[in-house]
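Enquirer: need a structure here:
(chains A and B)
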Amino acid sequence: MTTTYPFESEATGDELTSVGTPAVRIDGLDKISGAAQFVDDIDFGPGLLHAAVVESPHAYARIVSIDTSEAEAASGVVRVATGADFPYKFGMYMEDRYIFAQDYVRFVGEQVAGVVARSHREAVQAAKLIKVEYEVLRPLLDPKSAVADGADLIHPDLANYTHVPWFFPEADTNIAHWRRVRKGDTERAFAEADYVLEDTYHVPRYAHCAIEPHVTVSKLDHADRLTVWTASQSPHTQRHLFAEALAPLGFTHKDVRVITPYVGGGFGGKAGVSMEIIGAAMATLVKGRPIKLRWTREQEFYNTYQRQGVVAELKVGVMNDGTITAVEHKLYWDAGAYVEYGANVVNAAGLSATGPYRVPNITNDSLCIYTNLPPGGPYRGFGYSEFHFGLESHMDRLAEAIGMDAVAFRRKNAIVEGDELAYGAHMNPSGLHEAIDKTAAAIDWGVEEQSDNPNTVIGKGMALFWKAPAMPPNASSASFLKFNEDGSINITVSGMELGQGYLTVMAQIASEVLAVPVDKIRVETPDTDRNPYEWQTVASHVTWSSGLAVEKAAVEARAKIFDVIHQVYGYEEGSLYLEDEEVKCKTDPSFSKQLRDFVIDGIQTEEGTWRGGPIIASGKFMPEFTNANSDPATGQGGHPNVHYTVGATGVVLEIDKQTGRIWVRKAALAVDAGRAINPDLVKGQITGGLVQGLATVLYEDMRFDEGGKMMNPTFTDYKIPTAFDIPDEIIPIIVEVPQPDGPFGARGVGEHTMIAAAPVIANAVYNALGVRITSMPITQERVAMSYLEQSKFEDKQEE
Amino acid sequence: MQLRTTVNGEDWTLDAAPADVLLDVLRERVGVKSPKIGCERGDCGSCTIIMDGRTVRSCLVLAVEADGHEITTVEGIGYDGLNELQSLMLGNNSFQCGFCAPAIVLAATELLEHNPNPSRHDVQEALAGNLCRCTGYEPIIEAVLSAGGGGAE
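Expert: Here you go, the predicted structure:
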């Protein structure tokens, strides 16, 4: 059974001239020359003010009093704000946050008050003069204790929070959402299975570490119009949430404008709304002056979204022939103090926690648990990286237990088109088997390699991945397209160029339909006043969704072009086609008309009048086949995901047995892009995502003290990879099994490339040393200690 | 106090307080925006500039220390058109978000000036002080190696 898609991309033929080529990025020159402007690079003149915030030093406390008098009198201070100024809730999927804390603070670093001053230094100094008295409460710092009987309630009013209909909060607990999926009869399947493996895996929190910190400049002008320049993945969603949260002050959407120039990396951290609303709200108190709020690197770590930690209890049953019969996956998410966005990570993971396998009996429980740590939220991979660590570790262990090759075991169970998913819908076309085979071949799977160095051993690992975009069922994209006098094109969309190459891909899609070269197409970053709607640039969905909106606009423009030619020259529209910036005719090879001759001025008829005029077009896309309505008890009945992108990762690594040091000698990653609109950019996602994923398992480690304070909020102590810390060789492999409703068959790949990085290392470490590590990260120290423990154990056995 | 400096070939006389940081003065007073604020403690390298031929982290340099020195940023390097390294980086789609790009161009430029035919290891070492979260460094390293003539063993 397959999904029927209401729209199928028309052009999937082989004679493509722009789509499928490794075009140079259209934003490349801006970035290589220093011309690229980020929010912090925009000049706002001498009127610019600066903001700083007062942060909670406690993970959980009641605010007894706030005294701002000294700060208000301090040099350069223009305005001080506290929670009393903005008693309004906001949130992406669940309204559980305030702009400034109200009665309680729920994590270390939560903003309690803000200062606007004439200089950054004065704002920071004045913030130190605000006196907050707290009644300190006992924080809940891990999800298991937050769901224990008698645990204090972090949000006692949870039952009354507004949220999307697909969330199921448990009143009078710390469980903000519980996604249940039930399919078949797991209990019976475990009883009948030849082998059942049960274990618990631990994944800590992680930081996005975009090199550009969050920054926002907000201005309420003298006509009461609010403009916000922001480093964001989500201009329209930000406008919407600003307008909604500030509606009591009289704002409507048309009065709020969000402008997003180039953004210096996102990875999910700049999705939704986080610190930006502080600036937007404070601007409403200071008319006519732009206010800049820029997070320090430390704040970037502890007061933006963090990737949520998870404790994953996994039980899988298999038959001796290698068939997986049942999966029971319990995910206890450390979702942090506010889950307005993070609860949807939990939801997405719960729906797909079987991984890319055919599983007849499923019990998934994904629990979004409030803790007194910084708010969790979206991070490249959106919950899938987290549960794949345990799941793909488990797959290797199951294969070994029944005496089967780990790749053959995966091949046997790998999901194929038409297979029923956990929630009852069916799998889309996919090249998973091709990805497995090509990855295995790239690392010479099955060929044992010996190190020349007696102190080191070589190991190999494989892991699969899948992920679907997690988004509301009606998340949509739109585009405007216009021709210029010389036949060049301007396109406006509201997806964000995060670095993934979105603008270039949109240009290539339009280029393909309209036969105009990519370097004659400009695609601009968003301004919500002028650019049409886009939900957000998240979920690896913009190549697909926004790409369809651009394809539709281009098709509409082409129809208008043919219409003018038909009106003036009488050729049937079906006989016309575009090639090399010209209209040509299949039935009259002598005819051609250059686009630049008429796309603005039109064409003069024999009697001297004119036809046509400026060629403009629009396009929009909404996935009309999805719905998020399902039975809360079983998860059955809906069609919550549009499609899955799948792939495989393999590594060859070398480990020093004494020191635990790991060198990744070779890493191969195959991803099914449907169609790579720009193979160079897909390879960029493979390389960048893989290195980011490897960092979460090899280097990065977010530490909190017993009071819930992050202990390593700097690049000195939270290590992200440098140019030295990358594999010796990366082999990117692009698989192309077209997505029927994707533009030219394309589907997204941006997040997927980091998802299997952690388990592939765990599996290769086991392969090399015989040590199974079930907690991330797998640092040098942990490898050395685990190996030492095991050696001692083995020595004892021999004695 | 007053300081005199040359920025991308242009002479500047500026008033600076003793605690003013060179990065802030360049961005706010001279209007050169390619050195970026990333961590303000010398970890990320996004604020890299070239001072008298060597790269420095301008977030760790006081403005007054630039008195009498010559500063170059990527705006100066590519003023008359992209240099060979920049062209190779452009053609290789070396960068993604581009926030770290101006600094990395400078770090690689410094390397190639002192070592025209660097090895892969040399390139990794020269770039190790500049963090990039997007690319996995590989497309950057490739471009620097080809600018250096393919890479010495």
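
Enquirer: Correct me if wrong: residue A:359 contacts residue A:326.
Expert: Yes - contact criterion CB atoms under 8 Å: residue A:359 and residue A:326 qualify, at 7.0 Å. Placement of C-beta: from N, CA and C, glycine included.

Enquirer: Pull up the pairing partners for the helix or strand where residue A:460 lies, direction included.
Expert: Counting by DSSP states H and E, the secondary-structure element that holds residue A:460 is strand A:456-467. Strand A:456-467 has the following sheet partners, assigned by DSSP bridges: strand A:645-656 (antiparallel).

Enquirer: so how far is the partner strand off the chain centroid?
Expert: Here the centre of strand A:645-656 is set off from its chain's centre by 22 Å, with CA atoms, centre = their mean, to the nearest Å.

Enquirer: got it, and stretch B:90-105?
Expert: Counting by CA atoms, centre = their mean, stretch B:90-105 is centred 11 Å from the centre of its parent chain.

Enquirer: average model confidence for that stretch?
Expert: If you average the pLDDT over stretch B:90-105, you get 98.

Enquirer: can you check stretch A:596-616 too?
Expert: Stretch A:596-616 shows an average pLDDT of 97 in the prediction.

Enquirer: Give me the distance between that stretch and the centre of its chain.
Expert: 45 Å.

Enquirer: buried residues in that stretch?
Expert: Within stretch A:596-616, the residues that qualify as buried are A:596, A:598, A:599, A:600, A:602, A:603, A:611, A:612, A:615, counting by 16 or more other CB atoms under 10 Å in any protein chain shown.

Enquirer: Which residues outside it are in contact with it?
Expert: By CB atoms under 8 Å, 6 or more residues apart in numbering or on different chains, the residues outside stretch A:596-616 that reach it are A:480-487, A:557, A:560-561, A:564-565, A:567-568, A:581, A:593.

Enquirer: Quick check on the residues you listed: which are buried?
Expert: Members of these that pass the buried threshold by neighbour count (16+ other CB under 10 Å) are listed as A:480-483, A:487, A:557, A:560-561, A:564-565, A:568, A:581, A:593.

Enquirer: Closest one of those residues to residue A:213?
Expert: Taking CB to CB as the measure, residue A:480 is the one of those closest to residue A:213, at 31.6 Å.

Enquirer: Contact partners for residue A:25?
Expert: Taking CB under 8 Å, 6+ apart as the definition of contact, the neighbours of residue A:25 are A:31, A:501, A:503, A:504, A:681, B:90, B:93.

Enquirer: shaky segments in the chain?
Expert: Using chain A. For chain A, residues meeting the criterion pLDDT under 70 lie at A:1-14, A:799.

Enquirer: I was after chain B.
Expert: Counting by pLDDT under 70, chain B shows low-confidence ranges at B:150-153.

Enquirer: Show me how it divides into domains.
Expert: Chain B resolves into domains spanning B:2-77, B:84-147 when parsed by automatic domain parsing.

Enquirer: which SSE is residue A:503 in?
Expert: Per DSSP H and E: residue A:503 is located in helix A:502-514.

Enquirer: which residues touch the helix or strand that the strand holding residue A:460 is followed by?
Expert: Scanning the chain past strand A:456-467 towards its C-terminal end, the next helix or strand to appear is strand A:477-483 (assignment: DSSP H and E). Contact with strand A:477-483 is made by A:489-495, A:506, A:510, A:531-535, A:542, A:545-546, A:548-550, A:552-554, A:556-557, A:595, A:599-600, A:614-622, as judged by CB under 8 Å, 6+ apart.

Enquirer: From the residues you listed, list just the buried residues.
Expert: Buried members of the contacts of strand A:477-483, scored by 16+ other CB under 10 Å, are A:489, A:491-495, A:506, A:510, A:531-535, A:542, A:545-546, A:548-550, A:552-554, A:556-557, A:595, A:599-600, A:615, A:617-622.

Enquirer: Among those, name the ones in helices.
Expert: Counting by DSSP state H, those place A:506, A:510, A:542, A:545-546, A:548-550, A:552-554, A:556-557 in helices.

Enquirer: Residue A:145: which of the residues you listed is nearest?
Expert: For these, the residue nearest residue A:145 by CB to CB is residue A:542; the value is 39.2 Å.

Enquirer: ok, that closest one touching residue A:523?
Expert: No - under the criterion of CB under 8 Å, residue A:542 makes no contact with residue A:523, lying 11.7 Å away.

Enquirer: check which helix or strand covers the residue nearest to residue A:515 when sequence neighbours are not counted.
Expert: Once its chain neighbours are removed from consideration, residue A:515 has its nearest residue in residue A:578; the separation is 3.8 Å (CB to CB, 6 or more residues apart in numbering or on different chains). If you go by DSSP H and E, residue A:578 is part of strand A:576-579.

Enquirer: burial count for residue A:145?
Expert: Other residues within reach of residue A:145 by the criterion other CB atoms under 10 Å in any protein chain shown amount to 13.

Enquirer: Checking my notes, it in a helix, right?
Expert: Yes - secondary structure assignment places residue A:145 in a helix (DSSP: H, G, I helix; E, B strand; the rest coil).

Enquirer: Would you mind naming the residues that bridge with residue B:11?
Expert: Applying DSSP bridges to residue B:11 yields these beta-bridge partners: residue B:6.

Enquirer: Neighbours of it, how many?
Expert: By other CB under 10 Å, neighbour count at residue B:11 equals 9.

Enquirer: Correct me if wrong: it contacts residue B:68.
Expert: No - distance between residue B:11 and residue B:68: 11.3 Å, which falls outside the contact criterion (CB under 8 Å).

Enquirer: can you list residues touching both of these two?
Expert: Common neighbours of residue B:11 and residue B:68 (criterion: CB under 8 Å, 6+ apart): B:4, B:5.

Enquirer: got the contact list for residue A:497?
Expert: With contact taken as CB under 8 Å, 6+ apart, residue A:497 is in contact with A:27, A:262, A:263, A:503, A:525, B:97.

Enquirer: do that again at 10 Å, thanks
Expert: Neighbour list for residue A:497: A:25-27, A:30-31, A:36, A:260-263, A:266, A:503-506, A:523-526, A:537, A:542, B:96-98 [criterion: CB atoms under 10 Å, 6 or more residues apart in numbering or on different chains].

Enquirer: Would you mind naming what in the stretch 501-650 of chain A lies close to chain B?
Expert: Among all residues of the stretch 501-650 of chain A, those adjacent to chain B (criterion: CB under 10 Å from any CB of the partner chain) are A:501, A:504.

Enquirer: Could you find the closest non-adjacent residue to the residue of the stretch 201-350 of chain A found nearest chain B?
Expert: For the stretch 201-350 of chain A, the residue closest to chain B is residue A:264, as judged by CB to the nearest CB, at 3.1 Å. With CB to CB, 6+ apart as the criterion, residue A:264 has its nearest non-adjacent residue at 2.4 Å, and that residue is residue A:212.

Enquirer: that's a helix at that neighbour, yeah?
Expert: No - in this structure, residue A:212 is coil, not part of a helix, as judged by three-state DSSP.

Enquirer: Count the neighbours of it for me.
Expert: Residue neighbour count, defined by other CB under 10 Å, stands at 27 for residue A:212.
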